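**Q** 3D model of this:
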Amino acid sequence: MRAWTFPGATRSAVTSVLRVREAWTAALAEVPPESPGGTEALRRRWIAAVLALGTSATEGWLTLLEAVPEAASYQQRLGLAQAGPGAAVQLHVDMPGLGSPLVEQVDPSEPKTDNAAVQPSGAPALSTGLLRSWSASMPLQTLAELAVTGNELAEALQKRPGPWLGELLHALLQAVAAGDIANNKQSLLQEAKRMDNDE
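**A** You can find the predicted model right below:
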């Protein structure tokens with residue numbers, strides 16, 4: 001059992017990568033990519049995961065999917081096994097704690113989808129490259145990068161700081177990261193006032 005214990009930082013990193021997997025699996029279950037607006041909804045869910053779990057965790061998960069195609073096959077039931085032409089391969093992937101083992105017949109002669117670790121069959125291509133491009137297109141990834149502070153928001157809205165302020169800051173962060181509004185003080189204060197009025 002000692003082999004399964006990790007030092008604190010490693011345990012935290014592994015846990016974060018697994019949380020990315022859980023968040024993305026839940027997103028794919030709730031929002032079919034082929035549905036109208038599905039890809040945009042998934043893009044927003046991916047951005048939310050990057051903001052909540054961090055770039056290193058999301059990048060770690062994408063790297064894992066590329067390095068271990070069987071993990072992608074397990075999650076999305078895709079055949080990415082490597083074998084000689086014409087030979088059928090049986091994948092048996094046992095991932096403790098992540099559900100029952102997957103046993104799947106894979107025909108290696110069928111064309112493989114490049115890094116399609118997150119693409120259900122028949123869905124638009126949601127490759128690891130696309131997810132990386134969504135991450136790269138985010139203009140910011142932390143609250144510290146917002147062009148407005150909590151004190152400035154409280155002053156502009158003439159309210160005492162409280163739990164509402166953290167929620168508002170995170171909503172603004174999500175909006176800027178998704179490209180809905182620009183990261184400048186004027187736009188953020190205007191959006192904060194709109195959000196506050198909508199409550």
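**Q** okay, buried residues for stretch 176-187 please.
**A** Using 16 or more other CB atoms under 10 Å as the test for burial, stretch 176-187 gives 176-178, 183, 187. To be clear about C-beta, it is placed using only N, CA and C from the backbone, and glycine gets the same treatment.
**Q** secondary structure element for L188?
**A** helix 185-198 (DSSP states H and E).
**Q** remind me what that helix packs against, helices and strands.
**A** helix 150-157, helix 163-177 (3 or more CB pairs under 8 Å, 6 or more residues apart in numbering; DSSP states H and E).
**Q** among those helices, which is nearest V17?
**A** If you check each of these against V17 by CB to CB, helix 163-177 wins as the nearest, at 20.3 Å.
**Q** which other residues reach the closest one?
**A** 47-48, 50-51, 138-143, 146, 148, 150, 153-154, 159, 181-183, 188, 191-192, 195-196 (CB atoms under 8 Å, 6 or more residues apart in numbering).
**Q** possible to save the helices and strands packed on helix 185-198 as JSON lines with mean pLDDT and distance to L131?
**A** As requested, the helices and strands packed on helix 185-198 are arranged in JSON lines below (pLDDT from 0 to 100; distance: least, CB to CB, whole Å):
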{"stretch": "helix 150-157", "mean pLDDT": "95", "distance to L131": "31"}
{"stretch": "helix 163-177", "mean pLDDT": "96", "distance to L131": "14"}
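**Q** and of those, who's closest to R11?
**A** helix 163-177 (25.8 Å).
**Q** sorry, back to before: make a markdown table out of the buried residues of stretch 176-187 and add distance to T39.
**A** Below are these laid out as a markdown table (distance: CB to CB, whole Å):
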| residue | distance to T39 |
| --- | --- |
| V176 | 20 |
| A177 | 17 |
| A178 | 13 |
| N183 | 24 |
| S187 | 26 |
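**Q** residue contacts, Q141?
**A** 50-51, 55, 177.
**Q** just flag the most distant two among the residues you listed.
**A** Pairwise over the contacts of Q141, using CB to CB, the maximum falls at T55 and A177, 11.5 Å.
**Q** do a quick rundown of the helices in this structure.
**A** Ranges of helices within the chain are 8-30, 38-53, 55-67, 69-76, 128-136, 150-157, 163-177, 185-198, based on DSSP state H.
**Q** lowest-confidence stretch among those helices?
**A** Lowest mean pLDDT within those: helix 69-76, a mean of 56.
**Q** neighbours of A144, how many?
**A** By the measure other CB atoms under 10 Å, the count of residues near A144 is 8.
**Q** quick check: pLDDT value at it.
**A** 95.
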